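1. 3D, please:
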Amino acid sequence: ESATGDHPIKVVNTMAKIARYNESLEADLSLEQSANSFEEIIIEASVQFSRQKPGDGEGVKGYVVFTESGKSARVLSRFRSPLPVYAFSRHENSVNKLSLSYGVRSFTLDLGRNPVENTRAAIKTLMDRKLIFTGDRLIVIFGNNIGVPESNNTLSIIEV
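-> Numbers count the residues shown, from 1 in each chain. Here you go, the predicted structure:
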């Protein structure tokens, strides 16, 4: 409608009004929602963990999520964390769709079978772009069955 309709300015203004309203809503950050999978349990637990600050006062600086379909990053996005979510997928389509998710920056990465190597490649990508720095702590979410959609079942805390 905004590109071909009779009232593009009105349409864009209405869309902006809807977006401002949705952004102003408080997210339900409780774990009392019923999780539909182990993946959702892992993600919801990571949100609770990210709110904790260790004794030295330095908390987590963001998330690294490996995803096939993009679901893990979208589930994490619904909590509207103030922490950035860096999503990595081998599928360009998933990466593009994630651009619509709150707080998610997505990247295409040729994921291998080894989660440690995937994490190293993701960290390098983020450091090259100056999005993270040495000493930052990140929550990494991935699955043991790499390449299988909706199978993230592992949470790891790393220090860069």
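
2. got a pLDDT number for residue 103?
-> For residue 103, the pLDDT comes out at 91.

3. typo on my end, it should be residue 41
-> Here the pLDDT value assigned to residue 41 is 59.

4. what do you get for the one 10 residues further on?
-> In this prediction, residue 51 carries a pLDDT score of 60.

5. any idea how many residues pack against residue 93?
-> 10 (other Cβ atoms under 10 Å). In short, each C-beta sits where N, CA and C put it, glycine included.

6. can I get the one helix or strand it maps to as CSV, trimmed to CA atoms?
-> Secondary structure assignment for residue 93, by DSSP states H and E: helix 92-97. Extracted C-alpha coordinates of helix 92-97, given in CSV (Å, rounded to 0.1, in the frame of the first residue of the first chain):
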residue,chain,number,x,y,z
GLU,A,92,20.3,-16.2,3.8
ASN,A,93,16.5,-16.4,4.0
SER,A,94,16.6,-16.9,7.8
VAL,A,95,19.1,-14.0,8.2
ASN,A,96,16.9,-11.7,6.2
LYS,A,97,13.7,-12.5,8.1
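
7. return the distance of that helix from the chain's centre.
-> A distance of 13 Å separates the centroid of the chain from that of helix 92-97, by Cα atoms, centre = their mean, to the nearest Å.
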